[in-house]
Every structure is written in structure tokens, then in C-alpha cells.
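>>> predicted model and sequence below, questions to follow.
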Amino acid sequence: MEKLLSYLEQNKDRYLTELKEWLAIPSISTSKENAGDVKRCAEWTANHMKKIGLQNVKIFPTAGHPIVYSDWLNAPGKPTVLLYGHYDVQPPEPLELWTTPPFQADIRDGKLYARGSADDKGQVFIHLKSLEAYLKNVGSLPVNIKLLIEGEEEIGSEHLAGFVKENKQLLKADLVLISDSSMFAKGIPSICYSLRGLAYMQIDLVGPNKDLHSGSFGGTVHNPIQALTEIIAQLHDKNGRITIPGFYDDVRPLSKKEREAFKKLPWSDKKYAKELGVKELYGEKGYTSLERVWARPTLECNGIWGGFTGEGAKTVLPSKASAKISMRIVPDQTSAKIAKLFTNHIKKIAPKTVSVTVRDLHGGEPAITPIDSPGVMAAVAALEKGFGKKPLYQREGGSIPIVVQFKQMLGLDTVLLGFGLPDENAHAPDEFLNLDNFFGGIRTSLHFFNELPNYMNGASKKKTAAPKKPKAGKAKAKKR
Ligand code: BES
Ligand code: MN
Ligand code: MN
């Protein structure tokens, strides 16, 4: 381990130079114009895997963006880790709000700024560099590893589930490792044990069959923008609760134990509001902020459009109005049922003055992962060594839908080992990765692979063996 850690120290600059090269490829999965860049990014990923000594590197084309696979399986009798991550990124717009261009990574104040730095190239790179350190210095790994790095995570992983289903043998492993979430705060490492799911919808309203002069027609026809906002305004009540009938039916209530564990975490609503620039927080009554974002379902209007939005003024009563609305869902809600409840409700409350279409764009299921699995125990030990501090247990409000599918299709539990930070501007301008976390992450990854066999004796045969149980941080949230 000594040798590996000093290799890391000596190669820090090169690691950053290489990561910058990867970050320079605008692998924006949602943008058709960038399809070539996404492909080039998959190739870069595959080449880099070869360069660091991974084997069987393969790019699997899909009907969408390619999936990159590689492995190193020369540790017989040792556990096999399936490392999942994504090389695609969110669009960088609005560009004018970036301090430096999104695809020219820039280091300022110990932070690496670029689109994809935290979500998720930087976090995938943490493990690539840890694997490189082993393969270049020891010539082997303490575990077997399979890497699955996809290019469609940010658009709902459309073709990944099919790939996993068709390649069960190829992806056979003992556990899944994902670094695509955040630590609780700077200097406070954490293990994440739950993610919310998602149901993403679009509403399209049509009023009159063409745009109308608002003077000649205003007063006789229901403006579709008004009708749409009336609909949206009804979706929450005065207590911040969602009004769709049956919406909360399958929500697993928070246990007293978990609520108490959340309350012990270092948190200030005042500080949070100040950082976000809001005068007051908003949310479902009767729940704390952490409860609302981690364990309660929510509904957000992501965008709304229609009519005239150009410069100046145009008097128009528009023909159409639309909105994109997403709902974060929690165990035991399902995206299909929630999408159906939403669709029925919108159709029911839409006024007769307009015609309404509701579309289900994509969905993903919420996940709860065990917090006492051997993989998690090894991660706890590794974080303590990598960051010098015991991690705490936390949930997350974001979604990684494949987690549930790995469990369903491969029978595998996931370890969510996030190295981002909650304020790293993921999906927003000036996304960054804190370099202390980047290097702490590499140290943690080195320790994780080294520790894992100790917690998984003969893991390939027995999945439950967990000899040593380290004590986790005192703010420990137990799974119900
Ligand atoms: N890395 C995030 C998921 C995430 C965000 C985990 C915050 C934990 C905390 C991932 O890249 C992402 O953005 N996922 C989408 C999923 C969607 C497109 C199905 C999300 O959460 O919006
Ligand atoms: Mn991500
Ligand atoms: Mn993301």
C-alpha cells in the first residue's frame, strides 16, 4: 500500500492532465450534434482502459450511445467487483454563466472546473487511477474487476437495461461499486444507502387552432398558458403536499430510528438557504429538509414554454403551451404507477377549454441498499483510511435507476461510494470537483480493493460472509 500511495503522490500532475483531456470531449448525450463526440469519448475511455492495463476492452454499440466494457479477472478465488459509471455529461448551457469554458478544464482554488468533473468522469477516473497504480506497480489487483461505463446515464440509460439483461454472464460479479454521488459535506465522507427514483412527464396543451391577436380575441378564449399554470398551481396544496390522488399510497414512512439518525447529522437550514440565495425554504410540512430531499417524494416543474418569449413585446394569445414535470419518488412507489396517476389526474383537472396530451418521457425506480453488506463494510474501512475520518450514512435525493436493475437482473447489491460534494454544481454552470476529494477518492479506492477480500471470504461462493464489522460514524442511520 505504501508503494501505491507514493506512486499516487508522484503522479498527481499527470493524473490531472489526463483527466483534463477526457473532460475536453463534449460527450453530451442528449444532443444529437454531439453524437460524434460521445462516440469519441467512448473510444478515449476504451483506449485509456487499455493503457492502464485493463483487459478485454470492448466498445459495445447500442441503438443509442456505446457502452464501454473492460475487465481484469486474474485473481481466482477473490471477489469480483462490477464498477459502473458514465462518461456522458449534461449540456453545459447557459454558457455565459461559466467562469471558464466548460470543456477546457481549469483548476482554481483546489477545484477542477469542467462539465463532467464531478458527474461523473472525475469520479470514474478516481477508480481508473487506483487500478492503474496496482497494475503498474504490483502487476495485479487484490480483486477481480469488471468495468461498465455507459454513455446514456444522463438521458435515462435507455439501452443499458437491455444490455445487462443480454449479458448476464459477462457481468456476473459479487457486488456493484458506483461513485456517482456526493459526500455529506467537505471533510465528511459518507456511504449512501438510498436514492430516489424518477417519473418524468410532459404536458402539452392546445387551445385555439392558431395564435390569435390578444386584443381581438382576448376575453373569449382560454389562454393555454393560463390554463397550464392553473393546472400546475393545483399540483401542490398549501402544506406543500402533492395533490394527485393516491400519490402517497405506497410511500414507506420514515422510521423513528431513521428520523433520529437524520437529526444527528450536522445541518443548518439557515446556512443552506443562504448558500442557495433564497429568503426562506419551501417544502412539505412536517418534515425536515433532509427528510424532504432524501426520503419524501416531490414534484417539480422543470420547464414551461409557450407564446412569445423574445425581446420586446408582442400581443398574442398563443395556441399552445407546454411544461416538463418530473416527480422524484421513494420506496415503495414505482415510476409506472406514478406516471399513470399523474396522467389521469392532469386529464381530469384540465379545463374543457383546451385539449391536453400527457407524455411519459422516462422513469427510474428508487433504491435502498443494505448498509451492512461486506462491500459496505469494506467501503467504511476504506473511507476511514482514505479521508482519515469515519464515514456517516446518508441517503441522496438524486437517481441512478440502474441500481435497482442490477439487483433485479444480476442479484447484486450496490455500494454507493460518492466523492462529489453537494455544492459542486452538477448539471449547472461552473461544475467542479474538489481535488482533495479526487485524491482522497483515489486513496479510498486503493484501500477498498485491498480491504474487500477481507470482508468477503470466498465471496464468489458465500455472499454473506462478513468477518469484521468496523464501527461506523456515530451518526449512523440504520436501514429499516
Ligand atoms: N450522478 C447523478 C445521480 C445523483 C445525483 C446521485 C445526486 C446522487 C445525488 C446522475 O448522473 C443523474 O443526474 N441522474 C439523473 C437520472 C435521470 C436522468 C434518470 C437524475 O438524478 O436526475
Ligand atoms: Mn452521474
Ligand atoms: Mn447527472
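Nice, I can see it. Ligands and ions are numbered 1, 2, ... in the order given.
>>> Q55 versus the residue found closest to H345 once you drop the neighbours it is linked to in the chain, what's the distance?
Computed as Cβ to Cβ, 6 or more residues apart in numbering, the closest residue to H345 that is not its neighbour in sequence is I244, at 4.5 Å. Where C-beta positions appear, they are placed from N, C-alpha and C, glycine not excepted. Going from I244 to Q55 by Cβ to Cβ, to the nearest Å gives 50 Å.
>>> OK, contacts around the residue nearest to H345?
Listed by Cβ atoms under 8 Å, 6 or more residues apart in numbering, the contact set of I244 reads 235, 299, 341-342, 345.
>>> how much space between it and ligand 1?
According to Cβ to the nearest ligand atom, to the nearest Å, I244 and ligand 1 sit 20 Å apart.
>>> for the residue of the stretch 151-300 of the chain found nearest ligand 1, give me phi and psi.
Of all residues in the stretch 151-300 of the chain, S181 sits closest to ligand 1, at 3.6 Å by Cβ to the nearest ligand atom. Backbone dihedrals for S181, given as degrees, to the nearest 10, come out at phi -140, psi -170.
>>> let me know the secondary structure of the closest residue to it other than its chain neighbours.
Spatial nearest neighbour of S181, chain neighbours left out: G418 (3.2 Å); criterion: Cβ to Cβ, 6+ apart. Secondary structure state of G418, per DSSP: H, G, I helix; E, B strand; the rest coil, is coil.
>>> and the one 10 residues further on, by the same measure?
Under the three-state scheme (three-state DSSP), the conformation of A428 reads as coil.
>>> counting neighbours, what do you get for it?
13 (other Cβ atoms under 10 Å).
>>> and if you look at L16?
Neighbours of L16 using other Cβ under 10 Å come to 17.
>>> thought it was touching D106?
No - counting by Cβ atoms under 8 Å, D106 is not a contact partner of L16; they are 11.2 Å apart.
>>> joint contacts of those two?
Common neighbours of L16 and D106, using Cβ under 8 Å, 6+ apart, are L112.
>>> mind checking what secondary structure the residue lying farthest from the centre of the chain has?
Computed with Cα atoms, centre = their mean, the residue of the chain farthest from its C-alpha average is S216, at 49.0 Å. Assigned by three-state DSSP, the conformation of S216 is helix.
>>> could you measure from it over to ligand 2?
50 Å (Cβ to the ion, to the nearest Å).
>>> and if you look at L361?
From L361 across to ligand 2, the span is 18 Å (Cβ to the ion).
>>> do the same with K3
32 Å.
>>> which residue comes closest to that residue once chain neighbours are left out?
That would be N137: by Cβ to Cβ, 6+ apart, it lies 5.5 Å from K3.
>>> show the contacting residues for the one you found.
For N137, the contact set (Cβ under 8 Å, 6+ apart) comprises 3-4, 7.
>>> distance to ligand 1 and secondary structure for those - can I get that in CSV?
As requested, the contacts of N137 are arranged in CSV below (distance: Cβ to the nearest ligand atom, whole Å; DSSP: H, G, I helix; E, B strand; the rest coil):
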residue, distance to ligand 1, secondary structure
K3, 32, helix
L4, 27, helix
Y7, 28, helix
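>>> neighbour count and pLDDT added to those residues, as a markdown table?
Shown next, in a markdown table, are the contacts of N137 (neighbours: other Cβ atoms under 10 Å; pLDDT from 0 to 100):
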| residue | neighbour count | pLDDT |
| --- | --- | --- |
| K3 | 10 | 96 |
| L4 | 21 | 98 |
| Y7 | 17 | 98 |
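>>> out of the residues you listed, who's nearest I231?
Nearest to I231 among the contacts of N137, counting by Cβ to Cβ, is L4 at 57.4 Å.
>>> what is the burial count for F247?
Neighbours of F247 (other Cβ under 10 Å): 21.
>>> which of the helices or strands spans the closest residue to it other than its chain neighbours?
Nearest residue to F247, sequence neighbours excluded (Cβ to Cβ, 6+ apart): L341, at 6.0 Å. L341 is part of helix 335-349 when elements are defined by DSSP states H and E.
>>> ok, the residue of the stretch 151-300 of the chain closest to ligand 1 - contacts?
Contacts of S181 by Cβ under 8 Å, 6+ apart are 192, 195, 396, 398, 400, 416, 418, 420.
>>> for the second one, which non-adjacent residue is spatially closest?
Looking back up the chat, that one is L195. In this structure, L195 finds its nearest non-sequential neighbour in A367, 4.8 Å apart by Cβ to Cβ, 6+ apart.
>>> would you map the helices across this structure?
2-23, 35-51, 121-137, 160-166, 214-217, 224-233, 256-263, 269-276, 289-295, 335-349, 374-387, 402-410, 435-455 (DSSP state H).
>>> deepest of those, which one?
helix 374-387 (a mean of 25; mean count of other Cβ atoms under 10 Å).
>>> for the record, mean pLDDT for that helix?
Helix 374-387 comes out with an average pLDDT of 98.
>>> what packs against it?
strand 175-178, strand 190-192, strand 414-416, helix 435-455 (3 or more Cβ pairs under 8 Å, 6 or more residues apart in numbering; DSSP states H and E).
>>> what helices or strands is the last one leaning on?
Under the contact criterion of 3+ Cβ pairs under 8 Å, 6+ apart, the helices and strands touching helix 435-455 comprise helix 2-23, strand 111-113, helix 121-137, helix 374-387.
>>> of those, which is nearest S255?
helix 374-387 (18.9 Å).
>>> so the closest one versus helix 2-23, what angle?
With axes from the mean of the first three to the mean of the last three Cα atoms, to 10 degrees defining the directions, helix 374-387 sits at 90 degrees from helix 2-23.
>>> could you find the closest non-adjacent residue to A75?
Using Cβ to Cβ, 6+ apart, the closest residue to A75 is N144 (5.0 Å).
>>> just V89 next, same as before
Closest residue in space to V89, ignoring its immediate chain neighbours: G116 at 3.9 Å, by Cβ to Cβ, 6+ apart.
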